[in-house]
Each structure stands twice: as structure tokens, then as C-alpha cells.
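Engineer: Sequence below, structure please.
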Amino acid sequence: MGIYVNPKNLLFQEALRSLIYVDKSELIHYTNSVLKTQRKNICVSRPRRFGKSMAADMLTAYYSRGCDSKELFASLKVSQKHTAIYEANLNQHNVIRFDVQRFLFDESHVSIFIKRIQDVIIRELKSEFGEYIADAADPYGLPGVLEQIYARTGSGFVFIIDEWDCVFRLEKENTAVQKKYLEFLRGLFKGSEYVELAYMTGILPIKKYGEHSALNVFDEYSVTDPKNLSEYFGFTETEVREQCVKFNADFSEMQKWYDGYQLGDFHIYNPKSVSDALTWKNFKSYWTGTETYEALKVYIERNFNGLKEAVIEMLGGGQCRIDTAAFQNDMVTFHTKDDVLTLLVHLGYLTYSEQDSLVFIPNQEISQEFRRAVRTGNWGNLMEALNRSEELLKHTWEMDADAVARGIADVRKDVSSIIQYNSENSIACALYTAYASAQAYYMKPLRELPGGRGFADIVYLPLRNSDRPALLIELKWNKSAQGAVSQIKNKNYADWIVNYTGDILLVGINYDKKKDTHECIIEKYRKE
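Structural biologist: Residues are numbered from 1 along each chain as shown. Reported below is the predicted structural model:
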């Protein structure tokens, strides 16, 4: 046993002893199912603090011959639900485990970190398998030594690599080192008989060059394509509810602050934030302990058409459609706003709905980080508009149409340097900003909600614990606000939500370009 070869289970012991531990051991059942198969190469990418390292520690404790973990897993789900295959593989494999960041935490290490990884692992392999290694200075490096061991013993290895992508984050523009590193990984894993399982974790998916992955032997499980591993990284809603009961915490507040990451069929919470909130009995943004708003600011201020409009819309609770396919899985190759927004998904600043290709800000914690980023950036009077949002919302509830029209006009002036002031869509974008405070009372606004005969432009449905009216909003350009309200009624746009909530307000907003004026009409919907 060693540090890198057949390590002990001390890190997993620490996790089990922690105040908050959520059982993710059924991940092992999946890795057992692909062991020594063509699906044996797994790359999991998630934002920071989503439990990737804990899962790697768990897999190490389970597979490593260098420890006895029977007692650690005795009460966990995998040992109770999948007994036969679980027992067959428990501490029965040679494991090579390393964290790439441990070898690359300083610029001076860039030129030597690949050699250093190989040297320390080969040194431990010599200690444990020396009699089977004819030439420790194999010209093929670590892969050559592993082939010698496999040829003489028939024993393969389980590889567990954490922070595999740190070179792409720390050396963002050093393509020479990046390619050399990918070549090392390709040589280590591609077509290698000694690989029983290769499990890598990081923040970014595997780097692409052009349209293709440079390491295509791996199945990737990312935030944009989680496949069947959604529930094993981050806390599910069920798990958060259970922890809230255990710690006597308000689940609705937990949901508002930390819910919102959508991975497949699961709503996922950031486990670091949930754990901190439960530990310190305080709901606030814990994200600054992981990243800083300055990192976010660098990306959202890039000069791509439509990027700032998308950020403004999402700050108001809106959603933006994107294409994630062209993203090159690095932090420097950006051709469109979609590339930037896709990176923000991988970093955890946005969440992605795979079903309808939409991105949005997941929760109040991350919304605060966006607000910090725009407060000090080149965003005109956006923060002033956001701060006035609560007042405009109250005018809407009071059905003060003139005040709402003035509020919308003020918001459009505040963001006119960012939003193109020449289309119906610009009104919609300004509207999201104007109603940003609605997130405290309403679900995320719905755009073009299916109605009776056509689509409503924007709909705000109240949260279940809110007594606020639903808002059904129709926007017009060079027409009339009365025509907008008449369209809502004539086309039965309220039919879809009439059984969902109590009061419904119909809001018609029009911008007259010739007069440069906004008008608004608000009516209460009368049920037949």
C-alpha cells in the first residue's frame, strides 16, 4: 500500500465521520457494472464543491487492496441492495489514485508535472510489484511499467484521477502543454489491457480540438449531458428534505437559496452550500468561498452579440436558449455567446435544461454573485433598475397602470446602452429586469406559455406559499395596450392557468416608437 498505489481509506473515513454525510454509495453499483467492459472509462465533470472528490475517495476505499473497508460500507446502500457484486469487488483491486492538482499548483511545475506523476507512481509500483518489473526505466514510461506488471501477473488496475482538467484551468492558453498531457492520458488508457476501470473527475469535459474529443475512449457525464449519474453528485431534493428534518431547518428557504440545478430528471443542490447552511444555521451565499464574482465578471463582459441581453434577462428570472454543441471544453475558445454561457454552466453559475436547451440562473445564491459582478462592471444603470423592481411590482398588484408604464420606460432607459432599443424583444428583456423582485413571490417566468388559441408572451405563476395574483403579460410594439389585453381575453390565454391559482391580472404593455412612449393597461381576469 502507498500514497498513490493501493492507498488507504482514511479520506473516506473522514467523510463518514462528518456532521453531514449523504450516502452516494450506489454509484459503486454502476462502476461495478462497467468494470472490465467497453464502458469502463468514465469522466465526470461537475462544478466545484459538488462532491466529486468525496466520490473519488469512496471508490478508492471500496476498490483498493491496500485497506479493509468492510465496516465502512456495512450500513451503506450499496452493501445492502447489491450484496453479491458488492462483496465480489470489495478491496479486491489494484488502485492507482492521484489528484493532478497536487502536481500542478505552481507555474514552475508546468514543464515537469507529467514526468513527476509517472515517477512517483512508478516508485510505488516498484515497491509493491518490483519482482515483476524487468525495467523500471521503461522507455514508454508509466504505461510501459504497467504493461510489464500485467503481462507477468494478469492483474489489472483501477485508476481514479481527481482534478484531471486542472491544466486546462490553470494553463488556459498553453496548448502545447495541454496536448502533451492529453497524449499522456491517451497512452495510459487507450487500448490498454491493464485498465479495469478508469474514473476521472473535473470541472470541464474533455477538451475538443475541432469537433472531436482528443480522448474519445471515455464516456462523459457532464452537467449538460449527465446520463444516468445525475443523482450521485450534489444533493437531490429528497436528500435535502431529509437533512432539513434532521437539522430542523426551513426547507422552503433552502429551496429558494440553493435549488435549481437541473440534471436529467433531478433537481440538484450544491452540497457545500447546503451543508454550510445547515452547519451555521444561516441562509446566505457561500459561493464566494469557492469562486469569486471577479471570475464571473470576466466572462459576462465579453463582447459577444446578445450576451449582455441574455444576462439581463436571466437576472430577471428569464431563460435563454443556447446550443452547447460547439463549446470546445476549455476556458479560452469562445466564438459566440453560447460558448460563454456553456462555460458558465460547467462552472456552476448557470444551470441547463437538456430537454429544451435553456439556461438560467439556478437560485438566489448564484443570483447574488451575478449582481456582485454587474455592480462593478460596465452595465450602465442596471443595478438601479434592479433595485427599483420591488416598487414596480407593487404598482402592478395595485393595478396602477400609469406607474407601471413609467417604470417600464425608466428601466428601458437604464439599460438602453446594453439592449437594442428597437424591437418587441427589447421590451421583454426590460420587463424581466423590471420584475426581477418577482423571484421572491413567483416561479421562474414562462415565455410564450401555451394558452387557449396561441401563446401568452410572459407569465408569472405565484409560488405555492404565495398569495399573490398570477400575472399574464402581453407585449405590443406600435400597437396598443388595450389591444394586448383584448388579445389575452379573445384568445383565452388564461384558460391554461385558471384552475391553478386564484386571482389573475391581465397586463397589456405597448411601446409607441413614433411618440417614444409606453402605455399599460391592467385588468383583473373574471372567471366565467
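Engineer: List the buried residues for stretch 298-317?
Structural biologist: Within stretch 298-317, the residues that count as buried by 16 or more other C-beta atoms under 10 Å are 299-301, 304, 307-317. (C-beta placed from N, C-alpha, C; glycine too.)
Engineer: Quote the end-to-end distance of that stretch.
Structural biologist: Its start and end residues considered, stretch 298-317 measures 21 Å (C-alpha to C-alpha, to the nearest Å).
Engineer: what does stretch 397-406 give?
Structural biologist: Chord length of stretch 397-406, first to last residue, is 15 Å (C-alpha to C-alpha).
Engineer: can you tell me which residues contact the residue nearest to the spatial centre of the chain?
Structural biologist: Here the mean C-alpha position of the chain is nearest to the C-alpha of Gly348 (C-alpha atoms, centre = their mean), at a distance of 3.9 Å. The contact partners of Gly348, by C-beta atoms under 8 Å, 6 or more residues apart in numbering, come to 46-48, 50, 223, 261, 270, 291, 366.
Engineer: cool, and Gly156?
Structural biologist: Contact analysis of Gly156 by C-beta under 8 Å, 6+ apart lists 36, 93-94, 150, 193-196.
Engineer: Need the buried ones from these selected in PyMOL.
Structural biologist: Buried members of these, defined by 16+ other C-beta under 10 Å, are picked up in PyMOL with:
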select buried, resi 93+94+150+194+195+196
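Engineer: Can you check which helix is longest in the chain?
Structural biologist: Longest helix in the chain, counting residues (DSSP state H): helix 113-129.
Engineer: which element follows it toward the C-terminus?
Structural biologist: Counting by DSSP states H and E, the next helix or strand C-terminal to helix 113-129 is helix 141-153.
Engineer: Could you give the number of residues near the closest residue to Arg39 other than its chain neighbours?
Structural biologist: The shortest distance from Arg39 to any non-neighbouring residue, by C-beta to C-beta, 6 or more residues apart in numbering, is to Asp219 (6.0 Å). The number of residues packed near Asp219 is 16, by other C-beta atoms under 10 Å.
Engineer: In what element of secondary structure is Ile42 found?
Structural biologist: Residue-wise, Ile42 maps onto strand 41-45 under DSSP H and E.
Engineer: So which elements touch that strand?
Structural biologist: On a contact count with 3 or more C-beta pairs under 8 Å, 6 or more residues apart in numbering; DSSP states H and E, strand 41-45 meets strand 195-202, strand 219-221.
Engineer: if we can go back for a sec, out of the contacts of Gly156, what pair is the most spread apart?
Structural biologist: Distance extremes for the contacts of Gly156: the farthest pair is His93 and Glu193 at 14.8 Å, using C-beta to C-beta.
Engineer: Look at the residue nearest to Arg39 and report its pLDDT.
Structural biologist: At Asp219, the model reports a pLDDT of 95.
Engineer: shaky segments in the stretch 101-250 of the chain?
Structural biologist: 210-213 (pLDDT under 70).
Engineer: please redo it, this time with the cut-off set to 90
Structural biologist: Applying pLDDT under 90 to the stretch 101-250 of the chain flags residues 104-110, 134-140, 170, 207-216.
Engineer: average pLDDT for stretch 433-453?
Structural biologist: Computed over stretch 433-453, the mean pLDDT rounds to 80.
Engineer: in that stretch, what counts as buried?
Structural biologist: Neighbour counts over stretch 433-453 (16+ other C-beta under 10 Å) mark 433-439, 441-447, 449, 451 as buried.
Engineer: just so I have it, where are all the helices in the stretch 401-528 of the chain?
Structural biologist: For the stretch 401-528 of the chain, helices defined by DSSP state H, counting those that start in this stretch occupy the ranges 401-414, 424-434, 481-490.
Engineer: how far off helix 424-434 does the longest one point, in degrees?
Structural biologist: Angular relation of helix 401-414 and helix 424-434 on a 0 to 180 degree scale: 100 degrees, by axes from the mean of the first three to the mean of the last three C-alpha atoms, to 10 degrees.
Engineer: swap in the shortest one?
Structural biologist: Here the directions of helix 481-490 and helix 424-434 differ by 90 degrees (the same axes, to 10 degrees).
Engineer: start the count at 15, not 1, going forward
Structural biologist: That works, and once the first residue is 15, the last one we named lands at helix 495-504.
Engineer: any idea how far helix 495-504 is from the chain center?
Structural biologist: Chain-centre distance of helix 495-504: 39 Å, with C-alpha atoms, centre = their mean, to the nearest Å.
Engineer: Need the contact partners of that helix.
Structural biologist: If you take C-beta under 8 Å, 6+ apart as the criterion, helix 495-504 is touched by 415, 419, 468, 470, 486, 488-490, 507-508, 520-524, 533-535, 537.
Engineer: Are any of those residues buried, and if so which?
Structural biologist: 415, 419, 470, 486, 488-490, 507-508, 520-524, 533-535, 537.
Engineer: where do the strands sit along the stretch 165-314 of the chain?
Structural biologist: 171-176, 209-216, 222-223, 226-227, 233-235, 249-250, 275-277, 280-283 (DSSP state E, counting those that start in this stretch).
Engineer: Please produce a markdown table containing those strands, extended by distance to Asp120.
Structural biologist: A markdown table is the format used below for the strands of the stretch 165-314 of the chain (distance: least, C-beta to C-beta, whole Å):
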| stretch | distance to Asp120 |
| --- | --- |
| strand 171-176 | 18 |
| strand 209-216 | 19 |
| strand 222-223 | 27 |
| strand 226-227 | 28 |
| strand 233-235 | 29 |
| strand 249-250 | 34 |
| strand 275-277 | 32 |
| strand 280-283 | 33 |
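Engineer: what about Ser266, neighbour count?
Structural biologist: The tally of other residues near Ser266 (other C-beta under 10 Å) stands at 13.
Engineer: who's in contact with it?
Structural biologist: Residues counted as contacts of Ser266 (C-beta under 8 Å, 6+ apart) are Asn479.
Engineer: cutoff 6 Å now
Structural biologist: Applying C-beta atoms under 6 Å, 6 or more residues apart in numbering, we find Ser266 in contact with no residue.
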